[in-house]
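[1] take this sequence and fold it.
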Amino acid sequence: MKINVLLTIGVLFSSTVLAQVDVQDLKWSAVATRQTDSWYASEEAANVAENVLLYQRDNGGWMKNIQMHKTLTESEKITVESEKKGESCFDNGATTMEMRFLAKMYRNTQNEKYKEAFIKALNLVFVSQREAGAWSQYYPLRGHGYWDYLTFNDNLTVNVLRLLYDIANQSKDFVGLLDEATISRAKEAFDKGLQCILDCQIVDNGVKTIWCAQHDPETLEPVMGRPHEFPSFSGGESCDVLRFLMSLDKPSDAVKEAVVAGVEWFKAHSIKGYRLVEVKDDNGKLIDRVLEEHEGSELWARFTQFGGELAERVYRKQIETLSANKDKTYHYKGKDYMYNDAENAKMSYDPKYAYKPIYGINDGSRPFLRYRFLYNHNDTEPVIDKNGVSLNTSLAADNRSRYNYLGDWAKVIIERVYPKWRLVNGLDR
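    All right, here's what the predicted structure looks like:
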């Protein structure tokens, strides 16, 4: 009896605490998709929804990294209104997150304006799907740069496909939202996107492997992202793709083959005997990530260098592309020196590190390190460049603290998710 009373008190206390949380203190992702049904029917949610509708661009989408639930001043509202004709984005969960929020709002209020805004956004998803089947970061396309590539980075294409999958299968939030013709169109877009994932899976020496963070929309070849995001076997992104593929009901033989090949690649390319240690200051702020030996630990690289014919083909193309970039200058001890992106890549690339982690620097204070292949996560001694200038080519603490170059992304997949998936799908008896 005492235990039951204590449990009841605990539940009531937890509910009270949750009820007292101010959504203004939460991140937009939590507000958009992780509140109770009753909250999405509340006046507070309706006020947030007005912001979401205001932020929606004329072409149907939203921009990224906006805390849409934050209260806006009148002048801020005018600014948002003036930007409606701008581009929309799918990066960092943008647009798909707002669409899920609107679906919840409609399901819990039946207010037609949320349905209309959702359909407008869904039409953007349809029209922005590339011919190959995946999505790029922005719409309209910018016409240049990595923004226009097929993008698996930051879960972009996977986020869109999960949304389409939930629509096509009429998951709870989408019941009654769309007519049969639109649901059918969502299913077609999903099928096309799923096929693109299968088509982009990198084949190395005749063996299917994993994916790059971005692929060429015409050739489907792995391509360079930002200066530190090399064409490579991409660990974090590929784990997200595999999780997505393993979440599908009744997967086709092609999907099963893709999953098995991807997991086997991860099993064969781990970094054994090392762990990543976070370094924090006295206030608990992350200031560095250091790689250290640790028996029994296992890591995977965010970027693993290609080898063999694949490396020869892809990195030669990368250097050819960079050769179109103009020479640049850096300032050192009162003098200006020249550097070249293609030369940086060609000079630093070392084939002997095939299937090993590669690192790169995207640092505005050290622009002369753009596109340079680096092979050490921890600090290294400076190198002397062609001008006789001593350059610090280490990733440096600020860079390591801002970007995960190593992680244990595949651990749970290999040890827990994959074995269960094999049983469910009849691969193990």
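[2] how about the host helix or strand of residue 78: buried residues?
    Assigned by DSSP states H and E, residue 78 falls within helix 74-82. For helix 74-82, burial by neighbour count (16 or more other CB atoms under 10 Å) applies to residue 80. Just so you know, the C-beta spots here come from the backbone N, C-alpha and C atoms, and that holds for glycine as well.
[3] check which helices and strands the following helix or strand past that helix is in contact with.
    Using DSSP H and E, the helix or strand that follows helix 74-82 in sequence is strand 88-89. Counting by 3 or more CB pairs under 8 Å, 6 or more residues apart in numbering; DSSP states H and E, the packing neighbours recorded for strand 88-89 are strand 138-139.
[4] parallel or antiparallel, which strands does the strand it packs on pair with?
    When pairing is defined by DSSP bridges, strand 138-139 lines up against strand 88-89 (antiparallel).
[5] could you look up the next helix or strand downstream of the helix or strand bottoming out on mean pLDDT in the chain?
    The helix or strand of the chain with the lowest confidence, counting by mean pLDDT, DSSP states H and E, is helix 2-20 at a mean of 45. Proceeding C-terminally, helix 2-20 gives way to helix 28-33 as the next helix or strand, assigned by DSSP H and E.
[6] which intervals of the stretch 101-250 of the chain have sub-threshold pLDDT?
    Within the stretch 101-250 of the chain, the set of residues satisfying pLDDT under 70 is empty.
[7] please enumerate the helices of it.
    For the stretch 101-250 of the chain, the helices defined by DSSP state H, counting those that start in this stretch cover 112-128, 156-168, 180-200, 235-246.
[8] could those helices go into TSV alongside distance to residue 145 and mean neighbour count?
    What follows is the helices of the stretch 101-250 of the chain, written out as TSV (distance: least, CB to CB, whole Å; neighbours: other CB atoms under 10 Å):
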stretch	distance to residue 145	mean neighbour count
helix 112-128	17	18
helix 156-168	15	23
helix 180-200	19	17
helix 235-246	19	23
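[9] out of those, which is closest to residue 224?
    Closest to residue 224 of these, according to CB to CB: helix 235-246, at 14.2 Å.
[10] residues in contact with that closest one?
    With contacts defined as CB atoms under 8 Å, 6 or more residues apart in numbering, helix 235-246 is touched by 152-155, 158, 161-162, 197, 210-213, 251, 255, 258-259, 262-263, 266, 300-304, 404, 407, 409-410, 413, 417-418, 421.
[11] go with 7 Å
    152-153, 155, 158, 161-162, 197, 210-211, 213, 251, 255, 258-259, 262-263, 300-302, 304, 404, 407, 409-410, 413, 417, 421 (CB atoms under 7 Å, 6 or more residues apart in numbering).
[12] quick check: residue 283 vs residue 172, distance?
    Counting by CB to CB, to the nearest Å, the gap from residue 283 to residue 172 is 42 Å.
[13] actually, residue 326.
    Distance of residue 326 to residue 172, computed by CB to CB: 53 Å.
[14] neighbour count: these two, which is higher?
    Comparing residue 326 with residue 172 by other CB atoms under 10 Å, the one with more neighbours is residue 172, at 10 against 6.
[15] do you know how far the more buried one is from residue 104?
    Going from residue 172 to residue 104 by CB to CB gives 9 Å.
[16] repeat for residue 138
    According to CB to CB, residue 138 stands 26 Å off from residue 104.
[17] many thanks, I have nothing further to ask.
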